[in-house]
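J.: Kindly return the folded structure for what I paste below:
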Amino acid sequence: MERKKIAIIVAGGSGTRMQSAVPKQFLDLAGRPVLYYTITAFAQAYPDMEIVLVLPENHISQANHLLQSLENLPAITIVKGGETRFHSVKNGLQQVKDNAVVFVHDGVRPLVSPALIRSCYEAALSHGSAIPAIDMKDSIREVSGDKNMAVNRDRFRIIQTPQTFLSELILPAFELPYDPLFTDEATVVERLGKQIYLVEGEESNLKITKPLDLVLAKAFLNCDGL
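T.: Coordinates of the predicted model:
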């Protein structure tokens, strides 16, 4: 059964860790702003995708100017962000009026593929949620005070976005009071006792937070011939 599709793209980062005055989502990546690739992936995944872009208030005019200068972008609703990610997503969810599949994605994960977006959509229809995850490759240790111990990395996964849900799961969850333990959308939905379903993520679906991440993203783009 086809469902309305709404992508809430949260782009609230600054350029601090990038050592840049330019917010991360507006940094140049192979001649286009990071945010361009993020938006384009969702538009390519489904022609009827509705996009809600959540930005800090002081970035909205910059975003409007930038988006108007780009070609072949879909219609985008821009919403003011909140104090935390939870509040920013909650503001974006106010645009969800009907039963829908809702994607919540980091604006600075520009290399998400349309294939992964479609995979999340199909899994959310079947399971109610779809959270991309990849295996851990490094050894990890648990640190407690001045002690540490090895743990089995096979028991852990690295979580990505788009975190994808049926609207009837995510909307009630975001009526909960804010809790600092809400680190992503899955932890909010989980608080209502809902099971979280993991799907296979992508190594290239990296989050750009540091200068090296931008270098890696350019390398992935070159490999894909984009």
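
J.: list the helices and strands the lowest-mean-pLDDT helix or strand in the chain packs on?
T.: When the helices and strands of the chain are scored by mean pLDDT, DSSP states H and E, helix 60-68 comes last with a mean of 86. Secondary structure elements in contact with helix 60-68, counted by 3 or more CB pairs under 8 Å, 6 or more residues apart in numbering; DSSP states H and E, are strand 76-80. Where C-beta positions appear, they are placed from N, C-alpha and C, glycine not excepted.

J.: Quick one: name whatever helix or strand follows the strand it packs on.
T.: helix 85-93 (DSSP states H and E).

J.: May I see the buried residues of that following helix?
T.: R85, F86, S88, V89, K90, N91, G92, L93 (16 or more other CB atoms under 10 Å).

J.: Just put the residues you listed in JSON lines and tack on pLDDT and distance to K4.
T.: Below are the buried residues of helix 85-93 laid out as JSON lines (pLDDT from 0 to 100; distance: CB to CB, whole Å):
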{"residue": "R85", "pLDDT": "94", "distance to K4": "23"}
{"residue": "F86", "pLDDT": "96", "distance to K4": "23"}
{"residue": "S88", "pLDDT": "95", "distance to K4": "21"}
{"residue": "V89", "pLDDT": "97", "distance to K4": "18"}
{"residue": "K90", "pLDDT": "97", "distance to K4": "19"}
{"residue": "N91", "pLDDT": "96", "distance to K4": "19"}
{"residue": "G92", "pLDDT": "97", "distance to K4": "15"}
{"residue": "L93", "pLDDT": "97", "distance to K4": "13"}
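
J.: Checking the residue nearest the centre of the chain next. Helix, strand or coil?
T.: Computing the C-alpha centroid of the chain and ranking residues by CA atoms, centre = their mean puts H105 first, at 1.8 Å. Using DSSP: H, G, I helix; E, B strand; the rest coil, the structure places H105 in strand.

J.: For the remainder of this discussion, apply numbering that starts at 314.
T.: That works, and once the first residue is 314, the last one we named lands at H418.

J.: I figured it was touching T474, is that so?
T.: Yes - using CB atoms under 8 Å, H418 makes contact with T474 at a distance of 4.5 Å.

J.: overlap in contacts of those two?
T.: V425 (CB atoms under 8 Å, 6 or more residues apart in numbering).

J.: can I have stretch 488-495 written out in PDB, keeping just the CAs?
T.: Coordinates of the C-alpha atoms in stretch 488-495 are reproduced here as PDB (Å, rounded to 0.1, in the frame of the first residue of the first chain):
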ATOM      1  CA  GLU A 488       4.300  14.100  22.500                       C
ATOM      2  CA  LEU A 489       6.400  12.700  25.400                       C
ATOM      3  CA  PRO A 490       8.200  15.200  27.700                       C
ATOM      4  CA  TYR A 491      11.800  15.800  26.600                       C
ATOM      5  CA  ASP A 492      14.400  13.600  28.200                       C
ATOM      6  CA  PRO A 493      18.200  14.100  27.700                       C
ATOM      7  CA  LEU A 494      18.500  10.400  27.200                       C
ATOM      8  CA  PHE A 495      16.700  10.800  23.800                       C
END
